[in-house]
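Chemist: 3D, please:
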Amino acid sequence: MKVVYAKTTTMVIRPSGAGVNIRKGEHWPANDPVVRDHPELFSRDPRVGLRVSAPLVDDDDQPVIERATAAPGEKRVTRRRRKATA
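Modeler: Just a heads-up that it's a prediction; the model follows:
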């Protein structure tokens with residue numbers, strides 16, 4: 001069974017008028033009617049809602065989250081778009 005994870009805590013109203021509570025981090029079947037009707041509320045990333053006590057690392061001991069700045073001695077390559085001239 002494929003599952004998705006709730007990205008936020010909220011309530012949605014079904015066409016029948018019934019309210020359905022969604023809690024951040026809950027896993028839902030990917031084919032559930034609530035998921036099909038509100039795909040923006042769910043993610044396939046299992047880290048959504050994951051609680052940790054230290055920074056996450058992958059199996060190669062590399063940080064899971066990309067750093068926003070370069071490490072000492074690391075060069076970041078960027079490209080800038082040219083401005084259009086009229």
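Chemist: residues contacting residue 31?
Modeler: residue 2 (C-beta atoms under 8 Å, 6 or more residues apart in numbering). No exception for glycine: its C-beta is placed from N, CA and C like everyone else's.
Chemist: Let's see that with 7 Å instead.
Modeler: Counting by C-beta atoms under 7 Å, 6 or more residues apart in numbering, residue 31 makes contact with nothing.
Chemist: Let's verify it: helix, strand, or coil?
Modeler: With DSSP: H, G, I helix; E, B strand; the rest coil as the basis, residue 31 sits in coil.
Chemist: Chain neighbours aside, what residue packs nearest to residue 30?
Modeler: Distance criterion C-beta to C-beta, 6 or more residues apart in numbering; nearest residue to residue 30, sequence neighbours excluded, is residue 2 at 4.0 Å.
Chemist: Let me know how buried the one you found is, in neighbour terms.
Modeler: Look at residue 2: counted by other C-beta atoms under 10 Å, it has 8 neighbours.
Chemist: For it, give its distance to residue 57.
Modeler: Noted for residue 2: a distance of 26 Å to residue 57, by C-beta to C-beta, to the nearest Å.
Chemist: returning to what we had before: wait, the residue nearest to residue 30 sits on residue 28?
Modeler: No: in this structure, residue 2 is not within contact of residue 28 by C-beta atoms under 7 Å, at 10.1 Å.
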